[in-house]
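In: sequence plus the predicted model coming up.
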Amino acid sequence: MLAEIITIGDEILIGQVVDTNSAWMAKQLNLAGIQVKQVTSVSDDAEHITEALQLAEKRAQIILITGGLGPTKDDITKFTLAKYFGMGMRRDEETLIHIQGIFARLKRPMIESNMLQADVPDGCTVIQNKNGTAPCMWFEHDGNVIVSMPGVPFEMMYLMEEEILPRLSNSFRLPHIFHKTILTASIGESFLAAEIAGIEDSLPAHIKLAYLPRLGQVRLRLSGSGTNELVLKQEVDHYARQIADKIKRYVVVEEDIALEKALLNIMEERKLTLSTAESCTGGYIAHLITQHPGCSAVYTGGAVVYSNQLKESVLGVTHETLEKFGAVSEETVREMAQGAIARFKTDYAVAVTGIAGPEGGTPDKPVGTVWIAVASPKGVTAKLFTFGNKRAQNIERSAIAALSMILNELRKDYV
């Protein structure tokens, strides 16, 4: 079963608003056994909307539209849909009562444009939007289902979860879809593909393997579809186990979670604590960690020591080391990690120092030169990395490399 998502609004096309609706809807549809064929964003233009809808009906059986249902003149979606389906307009009394109730509770007067929101194409099925004034409209046309929803995210999410997905399940016989994700680090996508080529070639037609690369890591996602949920899950798990066994030295976790969350889970399970000492990453590692609820069970805190003065006063890096070897050196990063684990009293500490760029490089230490060290009760491990000349990418690569190094040290210490 194929679906297409159409988002309407000039604000999306000029970058004023980020289209988060499509990503959320696609995930929910996939979980329900509906494959999204395409996502299209169009302007507030009747001709553009009509063309997008005509093309969508050729590609998919389910078309979900968001946006353009407000009370202002630029909100033309329902009038365009009425013309497309050859329908007139009617005032839906239930919707009007709902809108009047909202304004009464807010003790605000209603004007004509608010009342016009109760006008809908006369051949659609109206689905009440309990979280807003714009109703959801359900159309059936040539065997397809077309649903128009408000673009406000929390209104759309409510309608999808409580109304649209249950109705789609009743309207279509949907297959089961099952995903299994393996998170890997410290290996590139092409090398990973070469390692598991034999397994990938043996996959049956109903199970697909996707490579989802990101700086310093690759997620492998096995996706299967079928009518028997239990058998499908067993099949996907079988091939996932083969892949994980083949590349086990690169596997971080067999879940669809972020690298830092996998690290936190592993350390929490072992009742270990972590601190950070960051220079060129400027607290980015701490940010990645602290965005996850419950991180305080592992992460105690850290320091951003950009200047040499703070490297000395906060972490205890010696003045002699900085003078002799420089801030970006193995000797300095080792002392940073040792200082963090000693002063913050954690089981593990990670330290990063480097030249993020775009300036500051030298012939022997060009932009992208980064030293990372991990300290544990068993000692300190340091490693040199040479990244590119893009500041933002260097910061992100350094953070991912640091997290991967901690995971590698944990493997050594606890496997």
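Out: Noted; the coordinates are in hand.

In: low-confidence regions, the chain specifically.
Out: The model of the chain has pLDDT under 70 over residues 415.

In: mind running it again at 50?
Out: Across the chain, no stretch falls below the confidence threshold (pLDDT under 50).

In: mind giving me the domain ranges of this protein?
Out: 2-171, 176-253, 259-414 (automatic domain parsing).

In: make TSV from the ones you listed and add mean neighbour count to it.
Out: Glycine gets a C-beta too; all of them are placed from N, C-alpha and C. Shown next, in TSV, are the domains of the chain (neighbours: other C-beta atoms under 10 Å):
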stretch	mean neighbour count
domain 2-171	17
domain 176-253	16
domain 259-414	19
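
In: quick one, phi psi at Ile34?
Out: phi -110, psi 120 (degrees, to the nearest 10).

In: contact partners for it?
Out: 1-3, 62, 168, 172, 174 (C-beta atoms under 8 Å, 6 or more residues apart in numbering).

In: how about Thr133?
Out: Here Thr133 is in contact with 71, 98-99, 102, 114, 117 (C-beta under 8 Å, 6+ apart).

In: helix or strand for the residue of the chain most remote from its centre, which one?
Out: Relative to the C-alpha centroid of the chain, counting by C-alpha atoms, centre = their mean, Glu320 is the outermost residue, at 44.6 Å. Using DSSP states H and E, Glu320 sits in helix 319-325.

In: ok, residues contacting that helix?
Out: Contacts for helix 319-325 (C-beta under 8 Å, 6+ apart): 308, 311-312, 329, 331-332, 335.

In: now do stretch 92-102
Out: So stretch 92-102 is contacted by 110, 114-115, 117-120, 126, 128-130, 133, 135 (C-beta under 8 Å, 6+ apart).

In: and stretch 225-245, by the same measure?
Out: Counting by C-beta under 8 Å, 6+ apart, 33, 35, 175-180, 182, 196, 199, 202-204, 206-207, 220, 222-224, 251, 254 sit against stretch 225-245.

In: and with 7 Å instead?
Out: 175-178, 180, 182, 196, 199, 203, 206-207, 220, 222, 224, 251, 254 (C-beta atoms under 7 Å, 6 or more residues apart in numbering).

In: what's the separation between the residue lying closest to Lys208 once chain neighbours are set aside and Asp10?
Out: Distances taken as C-beta to C-beta, 6 or more residues apart in numbering put Ser223 closest to Lys208, at 5.1 Å, once the chain neighbours are dropped. For Ser223, the distance to Asp10 (C-beta to C-beta, to the nearest Å) stands at 34 Å.

In: just the contacts of stretch 225-245: which are in helices?
Out: Using DSSP state H, the members of those that fall in helices are Ile199.

In: determine which two of the contacts of stretch 225-245 are furthest apart.
Out: Pro175 and Val251 (28.8 Å; C-beta to C-beta).

In: that older thread, how about a markdown table for the contacts of Ile34, with distance to Leu272 and secondary structure added?
Out: Output for the contacts of Ile34, formatted as a markdown table (distance: C-beta to C-beta, whole Å; DSSP: H, G, I helix; E, B strand; the rest coil):
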| residue | distance to Leu272 | secondary structure |
| --- | --- | --- |
| Met1 | 46 | coil |
| Leu2 | 47 | strand |
| Ala3 | 44 | strand |
| Ile62 | 47 | strand |
| Leu168 | 46 | helix |
| Phe172 | 49 | coil |
| Leu174 | 44 | coil |
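
In: return the closest of these with respect to Leu384.
Out: For these, the nearest to Leu384 is Ala3 (48.3 Å; C-beta to C-beta).

In: show me what contacts the residue nearest to Lys208?
Out: 177, 179, 208, 210.

In: can you tell me which of these are in strands?
Out: Within these, residues falling in strands by DSSP state E are 177, 179, 208, 210.

In: quick one: the second one from Leu259, how far?
Out: According to C-beta to C-beta, His179 and Leu259 sit 18 Å apart.

In: could you do the first one as well?
Out: From Ile177 over to Leu259 the distance is 25 Å, taken as C-beta to C-beta.

In: quick one on the thing from earlier: farthest-apart pair in the contacts of helix 319-325, please.
Out: The widest separation within the contacts of helix 319-325 (C-beta to C-beta) is 14.4 Å, between Glu312 and Ser329.

In: quick one on the thing from earlier: closest to Leu264 out of the contacts of Ser223?
Out: Distances from Leu264 to the contacts of Ser223, taken by C-beta to C-beta, are shortest for His179, at 22.3 Å.

In: for that closest one, list each beta-bridge partner.
Out: Ser223 (DSSP bridges).

In: still on that earlier bit, which strands or helices does the helix or strand that comes right after the helix holding Glu320 pack on?
Out: Using DSSP H and E, the helix or strand that follows helix 319-325 in sequence is helix 330-343. Applying 3 or more C-beta pairs under 7 Å, 6 or more residues apart in numbering; DSSP states H and E, one finds that helix 330-343 contacts strand 274-278, helix 308-315, helix 319-325, strand 348-354, strand 369-376, strand 379-386.

In: these into TSV, with extra columns for distance to Ile146?
Out: Formatted as TSV, the helices and strands packed on helix 330-343 follow (distance: least, C-beta to C-beta, whole Å):
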stretch	distance to Ile146
strand 274-278	51
helix 308-315	60
helix 319-325	66
strand 348-354	51
strand 369-376	52
strand 379-386	51
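
In: of the ones you listed, which is nearest Glu161?
Out: strand 274-278 (36.6 Å).
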